[in-house]
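In: could you work out the structure for the sequence below:
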Amino acid sequence: MALAPKLEFRQSQQLVMTPQLQQAIKLLQLSNLELAEFVDDQLEQNPFLERPEGADAPEAPEAAQNGAAGADAPIDLAREDTASKARDDLDAEDDGDGAGEDAAIGGYRVNEWASVGGGGSFTDDEREFGATLRQEISLRDHLTEQLHVATRDPLLLFLGAYLIDLIDDAGYLHDTVEAIAERLGADQGQVGAALAIIQSFDPCGVGARDLKESLRLQLIERDRFDPAMAAFVEHIELLAKGDLQALMKATDADADDVRDMIAEVRSLTPKPGYAYGGETVQVIAPDVFVSKASDGGWKVELNNDTMPKVLVNQRYYAEISRASKDKDKVFLSEQLASANWLVKSLDQRARTILKVASEIVRQQDAFFVYGVRHLRPLNLRAVAEAISMHESTISRVTANKYIATARGLFEMKYFFTAAIASSEGGEAHSAEAVRHRIRELIAREDPSEALSDDRIVEILRADGVDIARRTVAKYRETLHIPSSVQRRRQALRAAI
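Out: Sure, this is the predicted structure:
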C-alpha cells in the first residue's frame, strides 16, 4: 500500500471556551469576598475600569445600569400551593414550630440586617493614637517570647523554635520526639529537653502530644497528680462514657473521691492554646435577602453591599486612543473589551444568583413559612429545569453563597437535600427534615429512658417516614448525638 499526502474535508463540532467565557464561569462560583478581591485586581490591571464615587458617580454603561436595576429591584414571589399540605399538617398538629425554634439550625442567626452605628466620639478620648491600638498576641509569639527568656543555648533555641512552629492553635504537638529528631538529624535527648522547656511555659499544658499528657501537665502544676489521679487520667475515656463504676475500680477510690477527681479535671483546660489569639474569624455576609412581601409572598433581593460596582471610563479611552499609535491601539482595544466584558459578567452573575435564589424560595416555600420540618426534597436538576439552566450552572451559583432569612443565615446548598420515601406512598420526605425530627425526638426524651434507634425508627414510620435503623444511626452520628446507652450514662452522671 502506497503512502501519499492527500486532502480531506471533515465536519465536526467541539466546544471552544473563550477566555471571556471562562472568566464568566469563574465569577459564578466565587464567593462575595473572592469576587471583591478579583475585581480589585482587575481595577489595578485595567486602566479603563473605575469605581463609582459616592452618589454623584458617572452613569454606568448599559450592562452596569441593568445590573444595578436588577439588584435594586427585588423579586416578589406570590405564595403558591406548594405548602398546602404542610399548612394542613400544621393546623392538625399545632405544634408551634416557629421561627425562633429554627433560627439557629443553619449554624448562624440573623437578628438584624441594618447596621447600628456607635455613639462614641473621637474627640472624647484624649489619649494618643498609639495608646488606643490593640493587637491580640498569638500563641506562637507568646511561646517564642518565653523561649528566649528560658534559655540562651543556640541549639535549644533552634529546636524550641522548630517545635513551637509545629504546635497547633489548640496547643498540641502532634509529632513524636523520635520523628522530629530524625527529621532534623538531632539527638532525641536534645529534642526532648527542648520540649520539656516548652511544656513548662504558660499556658500550662501546652506542647502536649495528647489530651492525657495535657491534663497531666496541668495537674502536676497544681500539685494534684497523685497515684489515684494518675490512674484517673489514664482511664479518662471512662469519664466520657459515664462509667463511674469502672472509674472507681480503676482508681481504687470510693464514690466521693471519684467525684472530687471529676470536679478537679473539669476545672482544667483541654485546649490551652485557645486562650491566645488564632486566625481571625471571617464574618459571613449574605448574598441574598428573603423577607415577607406585602401580598403574603416572599421578597427576594440581592445584597448590594457585597456586589462590586465598576464602571468603564469611555471618555478616558477616547482621549488616549486619539493620541496613541496604531500598535498601541490594539492593546487599548483589548483592555476596553475586557472592561466591558467584566461589567457584563458581573451583571449576568447578579441576575443568575437572583434567579436561582428566587426559584429555591419558591420550591421551599413551606420551609420559610413553617420551619425545617417542612423542608422538601430538592436537587439541582429540579431547579435547573424550572429556570432553563444547566445543572452545572446551578451548582456553581449555589457554591459559597448564603441566604439571609427570618429563620437564620443558610448556605444555598442547605436547601438541596436527598429524598426519603414515605411509608404511606405519599410525597417523599427531606433528609434534612428527618434529621431535624430525630434531633427533636431526642431533645424531648426522658433522660432515664433514652430512645433507642429502633424506637426512633418506629416513631418515624408511624409519622409516615420509611427509614432504616442504620440510616437513623448515621443521621444521629452526623448530629453528634451519642447512643441511647451513652445518653443514659450521662443522665446518671449528671444526677450524681
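In: if you skip the residues just before and after it, what's nearest to Gln490?
Out: Closest residue in space to Gln490, ignoring its immediate chain neighbours: Gly242 at 5.1 Å, by CB to CB, 6 or more residues apart in numbering. The C-beta positions use only the backbone N, C-alpha and C, and glycine is treated the same way.
In: ok, and what's touching the one helix or strand Arg437 maps to?
Out: Using DSSP states H and E, the element containing Arg437 is helix 431-443. Residues from elsewhere that reach helix 431-443 (CB atoms under 8 Å, 6 or more residues apart in numbering): 105, 372-375, 377, 414, 417-420, 450-451, 456, 459-460, 463, 465, 467, 472, 475-476, 478-479, 481, 487.
In: for it, what is the average pLDDT?
Out: On average, the pLDDT along helix 431-443 is 88.
In: list the buried ones in the helix or strand containing Glu477?
Out: Taking DSSP H and E as the definition, Glu477 sits inside helix 469-478. Of the residues in helix 469-478, 471-472, 475-476 count as buried by neighbour count, 16 or more other CB atoms under 10 Å.
In: closest to Ser214 among those?
Out: Arg476 (29.3 Å; CB to CB).
In: what distance do you get for that closest one to Ile456?
Out: Look at Arg476 and Ile456: by CB to CB, to the nearest Å, they are 8 Å apart.
In: picking that back up, now do the buried residues in the next helix or strand after the helix holding Glu477.
Out: Going down the chain from helix 469-478, the next helix or strand is helix 484-495, by DSSP H and E. Residues of helix 484-495 classed as buried: 484, 487-491 (neighbour count, 16+ other CB under 10 Å).
In: stretch 382-396 too?
Out: Within stretch 382-396, the residues that qualify as buried are 383-384, 389, 393-396, counting by 16+ other CB under 10 Å.
In: then stretch 393-406?
Out: 393-398, 400-405.
In: circling back: ok, of the contacts of helix 431-443, which come out buried?
Out: 105, 372-375, 377, 414, 417, 420, 450-451, 456, 460, 465, 467, 472, 475-476, 487.
In: number of residues surrounding Asp254?
Out: Neighbour count of Asp254, defined by other CB atoms under 10 Å: 9.
In: apart from its chain neighbours, what residue comes closest to it?
Out: In space, Asp254 is closest to Met248, 6.8 Å off (CB to CB, 6+ apart).
In: hmm, back to that, and the angle for the helix holding Glu477 with helix 431-443?
Out: Going by axes from the mean of the first three to the mean of the last three CA atoms, to 10 degrees, helix 469-478 is angled at 80 degrees with respect to helix 431-443.
In: touching helix 469-478 from outside, list them.
Out: 420, 431, 434-435, 438, 442, 453-454, 456-457, 460, 483.
In: sorry, back to before: can you add distance to Ser12 and secondary structure and give the buried residues of stretch 382-396 back as CSV?
Out: Shown next, in CSV, are those (distance: CB to CB, whole Å; DSSP: H, G, I helix; E, B strand; the rest coil):
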residue, distance to Ser12, secondary structure
Val383, 33, helix
Ala384, 28, helix
Met389, 27, coil
Thr393, 25, helix
Ile394, 29, helix
Ser395, 28, helix
Arg396, 28, helix
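In: so who does the nearest residue to Phe48 once chain neighbours are set aside touch?
Out: In space, and not counting its chain neighbours, Phe48 is closest to Ala339: 4.5 Å by CB to CB, 6+ apart. Ala339 makes contact with 46, 48-49, 310, 312, according to CB under 8 Å, 6+ apart.
In: ranking the residues you listed by neighbours, who comes first?
Out: Val312 (24 neighbours).
In: report the contact partners of Val288.
Out: Applying CB under 8 Å, 6+ apart, the residues near Val288 are 300-303, 353-354, 357, 401-404.
In: closest one of those residues to Ala36?
Out: Using CB to CB, the contacts of Val288 come closest to Ala36 at Asn303, 12.4 Å.
In: before we move on, the earlier item: so of the buried ones among the contacts of helix 431-443, which ones are in helices?
Out: The helices, defined by DSSP state H, take in 456, 460, 472, 475-476, 487 from the buried ones among the contacts of helix 431-443.
In: average pLDDT across stretch 221-234?
Out: Stretch 221-234 shows a mean pLDDT of 89.
In: what comes up buried for it?
Out: Buried, per 16+ other CB under 10 Å, within stretch 221-234: 225, 228-229, 231-233.
In: now the helices for the stretch 201-350 of the chain?
Out: Assigned by DSSP state H, counting those that start in this stretch, the helices in the stretch 201-350 of the chain fall at 211-221, 227-234, 237-241, 244-251, 255-266, 314-322, 326-363.
In: if you count neighbours, what's buried in the longest one?
Out: Right, the one you point to is helix 326-363. Result for helix 326-363 [16+ other CB under 10 Å]: buried residues 335-336, 338-363.
In: quick one: mean pLDDT over that helix.
Out: 89.
In: which SS class is Ser12?
Out: coil (DSSP: H, G, I helix; E, B strand; the rest coil).
In: from now on call the first residue 30
Out: In the new count, where the first residue is 30, that last one comes out as Ser41.
In: below-threshold pLDDT in the stretch 30-179 of the chain: ranges please.
Out: Residues of the stretch 30-179 of the chain that meet the criterion pLDDT under 70 lie in 30-31, 43-46, 83-165.
In: let's see that with 80 instead.
Out: 30-32, 41-53, 82-166 (pLDDT under 80).
In: do the stretch 380-525 of the chain as well
Out: 448, 450-456, 476-477, 518-525.
In: thinking again about what came up before, now flag whichever of the buried residues of helix 498-507 is closest to Leu32.
Out: Among these, and counting by CB to CB, the member closest to Leu32 is Thr500, at 64.4 Å.
In: gap between that closest one and Pro511?
Out: 18 Å.
In: then Arg80?
Out: 53 Å.
In: could you check which of the two is surrounded by more residues?
Out: Using other CB under 10 Å, the more surrounded residue of Arg80 and Pro511 is Pro511, with 17 against 12.
In: the more buried one and Val319: what is the separation?
Out: If you go by CB to CB, the gap between Pro511 and Val319 works out to 35 Å.
In: which of the contacts of helix 498-507 sits closest to Ser350?
Out: Ala460 (58.3 Å).
In: export the buried residues of helix 498-507 as TSV, with columns for distance to Leu297.
Out: TSV is the format used below for those (distance: CB to CB, whole Å):
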residue	distance to Leu297
Thr500	38
Val501	35
Tyr504	33
Arg505	29
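In: for Gln52, find the nearest of the helices of the stretch 230-379 of the chain.
Out: helix 355-392 (6.2 Å).
In: mind checking how far the closest one is from the chain centre?
Out: 27 Å (CA atoms, centre = their mean, to the nearest Å).
In: after that helix comes which helix or strand?
Out: Criterion used, DSSP H and E; the element after helix 355-392 is helix 394-399.
In: who does that next one touch, helix- and strand-wise?
Out: helix 113-122 (3 or more CB pairs under 8 Å, 6 or more residues apart in numbering; DSSP states H and E).
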